[in-house]
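Undergrad: Need a 3D model of the sequence below.
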Amino acid sequence: MATVASLVELGERYWALGLPAAARSAFGRAHLVAPAQDGTAARRLAEVALAVGDAAGARKYAAEAARREPGPRARTLLGQAQLAAGETDAARMSFAGAIDGAHTQPLLRARAYLGLAAAALVVGDGGGAAANTLGALDDLLLALAPASAAITAAALADLADREVALTEDVMAQAVALGRAPDASEAIDRAAARRPDAPLALARAALLAARWSHGDRAVDDATIDAMLKDEVTRRPTSRVVRLRVIERQLRRRHQDASARVGAIRDLEAIAAELALDPGPESLLELARVWFMLAAAYEDDAASAAQAEAAYRKGLQLRPGHAAAACRLALLILDRGDSEGALAEIERALRIDAGHSLAWRSAARMLDATSPALAEVVERLLDASYPGAGSAAFAVAPRLVAATAEVARGDVLAGVYAHGHRVKNLLGIIGSRARSARKLASGEVGDRLLDLERDVTSLYEEWAQYLRSMQATGPTVSIVPVAPLVQEVIAAAQAKAAVAGVSIDAHVQGGLPDLRGDHMLLREALLNVVSNAAEACAAGGGKVDVTARTVTSGGGRAVEVIVADNGPGISRTELARIFVPGFTTKETGSGVGLTIAERVVAAHHGRILVDSDEGKGTVVTIVLPCDLGGFVGLGRLAPAPEAV
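TA: Model (predicted):
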């Protein structure tokens with residue numbers, strides 16, 4: 001009979017492989033046979049449930065873990081589960097209990113304070129959220145820079161590496177709430193208290209968060225230099241080395257030497273990790289292989305190396321749908337249709353709703369091939385076992401994906417010539433402005449209207465072209481609640497004039513996203529503004545809901561924008577993402593196109609449903625973890641010339 005320890009270890013291995021269902025099964029079996037005082041399996045079940053968006057399951061098992069092993073760790077986990085389940089008051093009590101515990105360690109207090117900050121955001125208490133975030137920061141820095149000399153600098157450095165995710169979360173939250181100066185002062189005080197404290201990662205995380213929120217007073221090169229200095233001080237720290245490499249890879253399209261250096265360093269880290277067979281090291285090694293594959297892909301000459309890297313990563317983490325899709329496209333490029341189809345089947349079995357998997361599947365379809373029916377049957381059975389004989393159930397998605405592939409090729413041509421259009425609009429706007437200054441009366445008024453329309457179109461077209469840049473956007477931690485509030489505040493200023501109300505419904509305990517803050521803001525603002533404009537004639541209402549869902553075996557954030565406007569006809573609904581298509585008299589037709597490309601670049605999906613006379617609902621699903629991809633996907637195929 002398997003022991004509790006062996007079942008828990010099995011669950012940990014499944015979790016490291018990216019197989020949450022198998023992990024829950026193993027932890028569940030361990031929980032059934034665990035002694036009454038052993039809450040390990042219950043705690044892991046709660047943590048996995050939180051990770052995949054199962055709030056009810058997390059609440060159930062967190063309560064059981066707290067009953068079996070009461071203490072600040074269990075109280076904090078219970079608070080997180082209660083917050084995810086919408087029990088804000090109960091969550092506050094749990095977090096407060098963890099903080100007030102006589103033996104609560106600083107890092108646990110920091111997590112509990114972050115929980116209180118999240119609870120404050122749920123009820124719109126920005127001041128409380130900021131105060132608790134600073135409380136989390138103080139405890140984090142107390143752990144990283146204690147006054148006691150009994151803890152060695154080497155031990156503190158190891159702690160800083162293990163807690164880099166917590167550090168980034170705290171810094172991102174502080175910046176999102178406008179407390180960046182306080183965070184900087186807190187780091188300086190910690191450095192004065194303990195000069196040998198490993199605070200470089202904290203400083204870099206703070207600067208990166210400021211930069212991602214549009215603070216251009218931050219020099220990106222300063223962050224790079226800071227991390228490189230830390231590598232010199234701690235050459236054995238893989239965490240710091242990987243942070244440096246991630247930043248190198250973001251610059252690889254502008255600097256070929258950055259790509260070469262990143263590949264060299266990643267290969268060295270892969271060799272080191274191969275000698276360490278632990279579960280955590282294997283997961284880290286999978287991420288390294290995926291990063292290497294992405295770097296190799298940039299050069300057609302190293303396509304074989306990219307394919308090999310994806311295969312090695314998938315051996316360690318077979319539940320990574322995006323990596324399976326990228327591998328399939330590489331195999332297809334070298335002409336192996338059967339091998340590519342096998343990888344696409346794998347991706348669809350992992351996540352039947354993965355948009356990249358369906359777009360990859362669409363590339364496999366050849367209407368003139370006698371094997372078309374067999375290919376379709378295999379694809380449908382992979383996504384929905386037994387659906388091969390009932391093609392009508394999923395065929396529309398396959399057809400839509402096929403159309404998207406063709407449209408992507410068209411977008412590449414649009415981008416290549418789009419700058420000429422933008423420049424022409426700029427010239428028209430400038431000449432209209434000059435003519436208006438010389439005119440008066442009705443002619444001047446008409447020229448003013450022309451100038452405004454052309455300027456607006458110029459800005460939207462420039463925005464559209466920026467969203468299609470061949471270089472990937474910058475990945476950083478993006479707290480969802482502040483992002484949604486920021487978008488609504490921007491949209492409400494204009495909507496209020498038209499008598500439209502915009503209400504937010506943000507679930508507590510939302511996980512952070514990994515993505516480009518400015519692009520995500522731009523995409524969401526386009527969707528919310530479109531909804532407000534659609535129902536402006538009747539003084540309508542827009543509801544914006546943000547909640548945690550499960551997507552592809554992992555956590556995702558779902559943002560739903562619903563309006564009570566006139567709705568969109570089924571005929572028009574099929575064309576809403578086509579550049580230039582609009583149902584508004586003065587619209588440019590690029591807002592939703594931008595939103596769709598941004599969401600696709602974040603490995604997410606966007607769906608639109610509408611009833612004429614009742615309103616429209618736009619649903620955006622964004623995965624929380626890019627799973628080893630240090631950059632986002634390209635928002636459009638890279639053009640050959642600009």
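Undergrad: need the next SSE after the lowest-mean-pLDDT helix or strand in the chain, C-terminal direction.
TA: Across the helices and strands of the chain, mean pLDDT, DSSP states H and E gives its lowest value to helix 395-438, namely a mean of 66. Following helix 395-438 in sequence order, the next helix or strand is helix 441-467 (DSSP states H and E).
Undergrad: Just name whatever secondary elements that following helix is in contact with.
TA: helix 395-438, helix 517-534, helix 591-601 (3 or more CB pairs under 8 Å, 6 or more residues apart in numbering; DSSP states H and E). Just so you know, the C-beta spots here come from the backbone N, C-alpha and C atoms, and that holds for glycine as well.
Undergrad: got the angle for that helix vs helix 517-534?
TA: When axes from the mean of the first three to the mean of the last three CA atoms, to 10 degrees is applied, the directions of helix 441-467 and helix 517-534 differ by 140 degrees.
Undergrad: got the angle between helix 441-467 and helix 591-601?
TA: Orientation note: helix 441-467 sits at an angle of 10 degrees relative to helix 591-601 (the same axes, to 10 degrees).
Undergrad: starting at the chain centroid, how far to helix 441-467?
TA: Relative to its parent chain, helix 441-467 has a centroid offset of 33 Å by CA atoms, centre = their mean, to the nearest Å.
Undergrad: Stretch 179-190 now?
TA: If you compare the mean C-alpha spot of stretch 179-190 with that of the full chain, they lie 27 Å apart, counting by CA atoms, centre = their mean.
Undergrad: Would you mark the buried spots in that stretch?
TA: Of the residues in stretch 179-190, those with enough neighbours to count as buried (16 or more other CB atoms under 10 Å) are 179, 180, 182, 183, 184, 186, 187, 190.
Undergrad: before we move on, what about stretch 344-356?
TA: Burial within stretch 344-356, assessed by neighbour count using 16+ other CB under 10 Å, is assigned to 344, 345, 346, 347, 348, 349, 350, 351, 352, 354, 355, 356.
Undergrad: can these go into JSON lines with extra columns for secondary structure?
TA: Converted to JSON lines, the buried residues of stretch 344-356 look like this (DSSP: H, G, I helix; E, B strand; the rest coil):
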{"residue": "344", "secondary structure": "helix"}
{"residue": "345", "secondary structure": "helix"}
{"residue": "346", "secondary structure": "helix"}
{"residue": "347", "secondary structure": "helix"}
{"residue": "348", "secondary structure": "helix"}
{"residue": "349", "secondary structure": "helix"}
{"residue": "350", "secondary structure": "helix"}
{"residue": "351", "secondary structure": "coil"}
{"residue": "352", "secondary structure": "coil"}
{"residue": "354", "secondary structure": "coil"}
{"residue": "355", "secondary structure": "helix"}
{"residue": "356", "secondary structure": "helix"}
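Undergrad: Reformat these into CSV and put pLDDT next to each item.
TA: Conversion of those to CSV gives the following (pLDDT from 0 to 100):
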residue, pLDDT
344, 89
345, 88
346, 84
347, 83
348, 83
349, 80
350, 75
351, 73
352, 75
354, 70
355, 71
356, 76
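Undergrad: now, among the residues you listed, which is nearest to residue 204?
TA: Of all the buried residues of stretch 344-356, residue 356 has the smallest distance to residue 204: 30.9 Å, by CB to CB.
Undergrad: and the closest residue to the closest one other than its chain neighbours, what is it in contact with?
TA: With CB to CB, 6 or more residues apart in numbering as the measure, residue 325 is the residue that lies nearest to residue 356, at 4.5 Å, once sequence neighbours are left out. Contact criterion CB atoms under 8 Å, 6 or more residues apart in numbering gives 343, 344, 347, 354, 356, 357, 360 as the residues in contact with residue 325.
Undergrad: do you know how far residue 325 is from residue 541?
TA: When CB to CB, to the nearest Å is applied, the distance between residue 325 and residue 541 equals 39 Å.
Undergrad: picking that back up, out of the buried residues of stretch 179-190, list just those in strands.
TA: Judged by DSSP state E, the subset of these located in strands is empty.
Undergrad: Can you pick out the ones from those that are in helices?
TA: Counting by DSSP state H, those place 180, 182, 183, 184, 186, 187, 190 in helices.
Undergrad: How many residues are close by the residue nearest to the fourth one when sequence neighbours are not counted?
TA: What that stands for is residue 184. Across the structure, with CB to CB, 6+ apart as the measure, the residue nearest residue 184 apart from its sequence neighbours is residue 206 (6.4 Å). Using other CB atoms under 10 Å, residue 206 is surrounded by 26 other residues.
Undergrad: Find me the pLDDT at residue 206, would you?
TA: Looking at residue 206, its pLDDT reads 92.
Undergrad: Would you agree it is in contact with residue 174?
TA: Yes. Under the criterion of CB atoms under 8 Å, residue 206 makes contact with residue 174 at 7.4 Å.
Undergrad: Quick one: mean pLDDT over stretch 439-457.
TA: According to the model, stretch 439-457 has a mean pLDDT of 79.
Undergrad: which residues sit against stretch 239-256?
TA: Residues from elsewhere that reach stretch 239-256 (CB under 8 Å, 6+ apart): 161, 164, 200-201, 204, 223-224, 227-228, 230-231, 234-235, 258-259, 261-262, 265-266, 269, 288, 291, 294-295, 298, 470-472, 474-475, 630-631.
Undergrad: Which of those residues fall in helices?
TA: Those of those lying in helices (DSSP H): 161, 164, 200-201, 204, 223-224, 227-228, 230-231, 258-259, 261-262, 265-266, 269, 288, 291, 294-295.
Undergrad: Buried ones from the residues you listed, can you make that a PyMOL selection?
TA: Written as a PyMOL command, the selection of buried residues from these, which uses 16+ other CB under 10 Å, is:
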select buried, resi 161+164+200+201+204+223+224+227+230+231+258+259+261+262+265+266+269+288+291+294+295
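Undergrad: So residue 80 versus residue 134, what's the distance?
TA: To residue 134, residue 80 is 20 Å away according to CB to CB.
Undergrad: What residues does the spatially closest residue to residue 569 that is not a sequence neighbour make contact with?
TA: In space, not counting the residues next to it along the chain, residue 569 is nearest to residue 612; the distance is 5.8 Å by CB to CB, 6+ apart. Counting by CB under 8 Å, 6+ apart, residue 612 makes contact with 566, 567, 568, 569.
Undergrad: before we move on, what about residue 540?
TA: When contacts are counted by CB under 8 Å, 6+ apart, residue 540 touches 500, 534, 563, 564, 565.
Undergrad: just curious, which of those is nearest to residue 524?
TA: Distances from residue 524 to these, taken by CB to CB, are shortest for residue 563, at 14.2 Å.
Undergrad: Could you tell me how many residues sit around the closest residue to that closest one other than its chain neighbours?
TA: Take residue 563 and drop its neighbours on the chain: the residue closest to it by CB to CB, 6+ apart is residue 531, 3.9 Å away. Other residues near residue 531 number 28, with proximity taken as other CB under 10 Å.
Undergrad: Look up how far residue 55 lies from residue 531.
TA: In this view, residue 531 and residue 55 are 27 Å apart by CB to CB.
Undergrad: just residue 478 next, same as before
TA: Using CB to CB, we find residue 478 at a distance of 21 Å from residue 55.
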